[in-house]
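Please work out how this folds:
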Amino acid sequence: MNQNRMVIGLAFAFVVSLFLSIFVYRQFKAVSAPTLAIATHQIVVADESFPLGTRLDASKVKLMPWPSGQPMVGMITKIEDCTNRAVITNIAENEPILESKLAPVESGAGLPATIPEGMRAVSVAVNEVVGVAGFVIPGTMVDVLVTGMTLGSSGNITRTILENVRVLAAGQKIEQDRDGKPQTVPVITLLVSPEDAARLTMASTQGKIQLALRNTADQRTTNPAPVLQATLFAGAAPPPALHPAVRVAQPPPVYVIEVINGGKRETKNFANPSSPTNQ
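Numbering: from 1, shown residues only. Below you'll find the model as predicted:
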């Protein structure tokens, strides 16, 4: 009996060891199997984080392998193609450097490099009220309102002259505070077209401007109607003007005529048939 139990135990141990051996063999085979090689090529990436307006050089970028089957539009493969060029947006560490994120060659660095071709940067003086309590910071979108007196008008008028304008800089800062804190500055720089640059300059010198902060996702143009001072502060309709009564002259009942005959004068009376007293 004991001998049978021993044989059964040995058989069970053999079966278990056989299954374990097969399992271990398959695992080693899976690990040692050659993996399919993925074709790659080198692209230029940031070696550190770059704020807006930073000028790149060879020490600030590096090459990193990138799958050849997943190209990106505007990717750069040579370090010399992006040196001495400024970035026009914030770039994170190890982020690919793309043509769309760089200013044109020899366009300089800092704020001038962030101005798109055909646009202008115009600075206007602001205070804490005009700057919306300091929340008008780089990257935000604003509307520009101006208050002034029109020619021949007895009151002021407020009109929205620009809508959905991007703020390039607040003071001398061209990037936002990471914590989103307000910045009280004396000057705000706006990105506008050449035509709007002239309108903004006229408004800031001849009137009083006010900035209205808007949601950056709101791209709608509403073109609001101007507000007249007389309309804004007008109360009830004024009473109609009182016109004095007009007296109509009545014809005299009798016409008196002086008749001169030679040296003789005499007065004759003739009744007026159109007079009410003679009808």
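
In this structure, where is pLDDT below threshold?
1-7, 9-12, 30-36, 108, 152-154, 175-180, 235-256, 258-263, 268-279 (pLDDT under 70).

Give me the domain ranges for it.
Under the assignment named as automatic domain parsing, the residue ranges that make up the domains of the chain are 1-28, 52-113, 116-232.

closest to Ile38 out of those domains?
Nearest to Ile38, of all the domains of the chain, is domain 52-113, at 5.8 Å by CB to CB. Just so you know, the C-beta spots here come from the backbone N, C-alpha and C atoms, and that holds for glycine as well.

got the end-to-end distance for the closest one?
In terms of CA to CA, to the nearest Å, the two terminal residues of domain 52-113 are separated by 9 Å.

so how far is it from its chain's centroid?
In terms of CA atoms, centre = their mean, to the nearest Å, the centre of domain 52-113 is found 26 Å from the chain centre.

picking up where we left off before, turn the domains of the chain into JSON lines, columns for distance to Ile38.
Putting the domains of the chain into JSON lines (distance: least, CB to CB, whole Å) gives the following:
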{"stretch": "domain 1-28", "distance to Ile38": "24"}
{"stretch": "domain 52-113", "distance to Ile38": "6"}
{"stretch": "domain 116-232", "distance to Ile38": "36"}
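
Would you reformat those as TSV and include distance to Ile257 and mean neighbour count?
Formatted as TSV, the entries for the domains of the chain read as follows, by distance: least, CB to CB, whole Å; neighbours: other CB atoms under 10 Å:
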stretch	distance to Ile257	mean neighbour count
domain 1-28	146	9
domain 52-113	97	15
domain 116-232	57	15
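
Figure out which of the ones you listed is closest to Val44.
Of all those, the one in closest proximity to Val44, counting by CB to CB, is domain 52-113 (4.4 Å).

All the helices of the stretch 101-250 of the chain, residue numbers only.
Under the criterion DSSP state H, counting those that start in this stretch, the stretch 101-250 of the chain carries helices at the ranges 194-206, 229-232.

With Thr267 as the reference, name the closest of the domains of the chain.
domain 116-232 (60.2 Å).

how far does that closest one stretch from start to finish?
Start-to-end span of domain 116-232 (CA to CA) is 40 Å.

tell me which element Met64 falls in.
Here Met64 is covered by strand 61-67, with elements defined by DSSP states H and E.
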